[in-house]
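K.L.:
no sequence for this one, just the structure:
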Ligand SMILES: Nc1ncnc2c1ncn2[C@@H]1O[C@H](COP(=O)(O)OP(=O)(O)OP(=O)(O)O)[C@@H](O)[C@H]1O
């Protein structure tokens, strides 16, 4: 019998203890996550990979408190998400989680700087002098200084994703979840965005969990985990894109074999 107390010595940013998630009931039930145990440590940049339907989005939604686990313990920034109601989970998420999406999800009517300040506004929190300095720094290092009054439609895809990254990093969240952040970008913008996420982990200790299908994107991460049929089938340190491609082929084979 497992215990769903947080047992880790160093405080992991996300911990799963025997987490399972099913959709539907009876013969229509689908097991999207199957007895997952994982700890994501502070400052780690983790790539979550696996074939289509393997459970990557479900993993991210459960870890971020956007969706409930069916069983098991989910801890976010030390808080037991599985015991919290929707309101408490929303508050915890606002304080601790940043998101970066494939489709950027910027507010079209707001300027760059207003989009970056949005998480503070949503939390009903006035930006302090120190927070403003951090935002100014992000705007500078993300190469957005000449664009702060522009609206998203006036920016390239790569620039829009840099705004989304600035918005995610601005409140210094415990973790940033990035869902296929380079899915809509060309090769050059992709490598810029990945390099920025890499630097955020290395230079600011930002914890990042990125869902991706792309072995090149995952080669920027410190850790590569692979899901197949809702199970965690591989968990490695830094790998080359070629090694990751091989790992995915093996995972697809394993999924086919168990189907
Ligand atoms: N809301 C839902 N209702 C029913 N089944 C769902 C739901 N969401 C996901 N699933 C199922 O759960 C499994 C895992 O889905 P999930 O979206 O997490 O996979 P994924 O690895 O993110 O896939 P992709 O790479 O295609 O985005 C799949 O079999 C999917 O059909």
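P.N.:
Perfect, I can see it now. Just so you know, these numbers come straight off a predicted model, no measurement behind them.
K.L.:
tell me the contacts of the most centrally placed residue in the chain?
P.N.:
With distances taken as CA atoms, centre = their mean, residue 177 lies nearest the centre of the chain, 1.5 Å away. Residues near residue 177 by CB atoms under 8 Å, 6 or more residues apart in numbering: 60, 63, 64, 97, 98, 99, 100, 208, 209, 210, 211. For every residue, glycine as well, the C-beta is placed using N, CA and C.
K.L.:
So the second one is in contact with residue 76, correct?
P.N.:
Which is residue 63. Yes: in this structure, residue 63 is within contact of residue 76 by CB atoms under 8 Å, at 6.9 Å.
K.L.:
what's the overlap in contacts for these two?
P.N.:
The contact sets of residue 63 and residue 76 overlap at 14, 175 (CB under 8 Å, 6+ apart).
K.L.:
Go ahead and measure how far the one helix or strand the residue nearest to the centre of the chain maps to is from the middle of the chain.
P.N.:
Residue 177 belongs to strand 175-179 when assigned by DSSP states H and E. With CA atoms, centre = their mean, to the nearest Å as the basis, strand 175-179 stands 2 Å off its chain's centre.
K.L.:
ok, is it in contact with the ligand or not?
P.N.:
No: Strand 175-179 stays clear of the ligand (CB under 6 Å from any ligand atom), getting no nearer than 8.7 Å.
K.L.:
Give me the average confidence score over that strand.
P.N.:
Taken as a whole, strand 175-179 has a mean pLDDT of 96.
K.L.:
So residue 48: helix, strand or coil?
P.N.:
Recorded secondary structure, residue 48: strand (DSSP: H, G, I helix; E, B strand; the rest coil).
K.L.:
and what of residue 234?
P.N.:
strand.
K.L.:
Enumerate the residues of the chain near the ligand.
P.N.:
Residues of the chain found near the ligand (CB under 6 Å from any ligand atom) are 23, 24, 30, 32, 50, 52, 53, 54, 55, 56, 57, 58.
K.L.:
Name the residues linked to residue 226 by a beta bridge.
P.N.:
Residues in a beta bridge with residue 226, per DSSP bridges, are residue 49, residue 234.
K.L.:
what sits against it?
P.N.:
If you count contacts by CB under 8 Å, 6+ apart, then residue 226 has 49, 50, 54, 232, 233, 234, 235, 247, 248, 251 around it.
K.L.:
ok, of those residues, which come out buried?
P.N.:
For those, a burial check counting by 16 or more other CB atoms under 10 Å picks out 49, 50, 54, 232, 233, 234, 247, 248, 251.
K.L.:
Adding pLDDT, write these out as JSON lines.
P.N.:
Shown next, in JSON lines, are the buried ones among the contacts of residue 226 (pLDDT from 0 to 100):
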{"residue": "49", "pLDDT": "97"}
{"residue": "50", "pLDDT": "95"}
{"residue": "54", "pLDDT": "95"}
{"residue": "232", "pLDDT": "97"}
{"residue": "233", "pLDDT": "95"}
{"residue": "234", "pLDDT": "96"}
{"residue": "247", "pLDDT": "93"}
{"residue": "248", "pLDDT": "94"}
{"residue": "251", "pLDDT": "83"}
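K.L.:
Tell me which two of those sit farthest apart.
P.N.:
Using CB to CB, the two most remote members of these are 232 and 248, lying 14.2 Å apart.
K.L.:
Could you check how many residues crowd around residue 224?
P.N.:
Neighbour count for residue 224, taken as other CB atoms under 10 Å: 23.
K.L.:
Could you verify that it is part of a helix?
P.N.:
No: using three-state DSSP, the assignment for residue 224 is strand, not a helix.
K.L.:
Hmm, it is touching residue 240, no?
P.N.:
No: applying CB under 8 Å, one finds residue 224 not in contact with residue 240, separated by 10.3 Å.
K.L.:
Return the member of the buried ones among the contacts of residue 226 nearest to residue 17.
P.N.:
Minimum distance to residue 17 across the buried ones among the contacts of residue 226 is 12.7 Å, recorded for residue 232 (CB to CB).
K.L.:
circling back to that earlier point, show me which of the buried ones among the contacts of residue 226 is closest to the ligand.
P.N.:
Distance to the ligand across the buried ones among the contacts of residue 226 (CB to the nearest ligand atom) is lowest for residue 54, with 4.2 Å.
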